[in-house]
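Visitor: pasting the sequence and the predicted model now:
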Amino acid sequence: LFTDTPKLKTLPVVSIVNQPNARLYTLATPSTYWFTSDTHRTCLSTMNGTHAFIRHIDIIPGKLVLPIDMFIATVLEQPLISRDNPVPCKCLHIHKRDAESFPHVVYHGTNIEAVRSILLDGFVIPGTVVSSGKRINPPKNHIARGTTVDGVPDFPAAIFVSPSIHYSSDSTYAKSFDHGDQKLIPILECSVKSNSYRTYGCTTPQYKKNPDDNMEAIEWRITNPANIQINSILFITQIESIAASKRIRITKMN
């Protein structure tokens, strides 16, 4: 408080006991939307209004933190489960699959920094400004906006997925990150509606074909985000031990 006035110098920071990952949300009346700040996670945005704390869970400590209403887990403190299909991985369930409306399972490789944004805003068409204020555009190593491919103007202006988890795991799409002594890649497991996509051949020259791949229809292009549903996040191990891998490389060099 100012010494000579009852006005606040700054809005107060609040917290909830024993919940370090709880984040403060404010109801933006008269709408029904709740908002939070990535930079002022426990600072009141206004003295008047409705506020609520929502518990968040470390999915990947230091890399991915999500509110508890964004995923499905039997044990909140252990949200990741092991899976062997279609490849060995750790899995976070996001949404129970509606196999009738979304019968086709597909995959989307991404980077760990983008996962939370995709879960919050859903898949968006390049050029869209998402809730964080960032405009989404294709990465520099992807086909540039405005490029015509197979007679399709501005071919990159769409959402791209693949029925092949191996293709989606290519480094062109899935970017690895360190998790302890391991190196992982994040893959979104999704499902799409029938007749909501067009198929295309491989646009990644360095990709080595997997025996189950149909290289003539390995990329699926979707122009309506409502036609795709995110079911799970898969964390696939690329390197089991970074330290051991380094030792092997040093041994080979000697």
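Guide: Yes, it's here.
Visitor: quick one: buried residues of stretch 131-138?
Guide: Neighbour-count burial for stretch 131-138, counted by 16 or more other C-beta atoms under 10 Å, picks out 136, 138. For every residue, glycine as well, the C-beta is placed using N, CA and C.
Visitor: now that stretch: mean pLDDT?
Guide: In this model, stretch 131-138 has an average pLDDT of 88.
Visitor: hey, C-alpha coordinates of that stretch in CSV?
Guide: The C-alpha coordinates for stretch 131-138 follow below in CSV (Å, rounded to 0.1, in the frame of the first residue of the first chain):
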residue,chain,number,x,y,z
SER,A,131,-4.6,-17.6,-27.3
SER,A,132,-0.9,-16.9,-26.3
GLY,A,133,-0.8,-14.2,-29.0
LYS,A,134,1.5,-16.2,-31.3
ARG,A,135,0.8,-16.5,-35.0
ILE,A,136,1.2,-20.2,-36.1
ASN,A,137,3.2,-20.7,-39.2
PRO,A,138,5.0,-23.7,-40.7
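Visitor: what is the end-to-end distance of stretch 100-116?
Guide: Stretch 100-116 has its terminal residues 27 Å apart, counting by C-alpha to C-alpha, to the nearest Å.
Visitor: quick one: mean pLDDT for that stretch?
Guide: 97.
Visitor: what does it contact?
Guide: 60, 63-66, 97, 118, 123, 159-165, 167-170, 172-175, 177, 185-194, 220, 228-229, 231, 233-234 (C-beta atoms under 8 Å, 6 or more residues apart in numbering).
Visitor: so of these, which ones are in helices?
Guide: 118, 165, 167-168 (DSSP state H).
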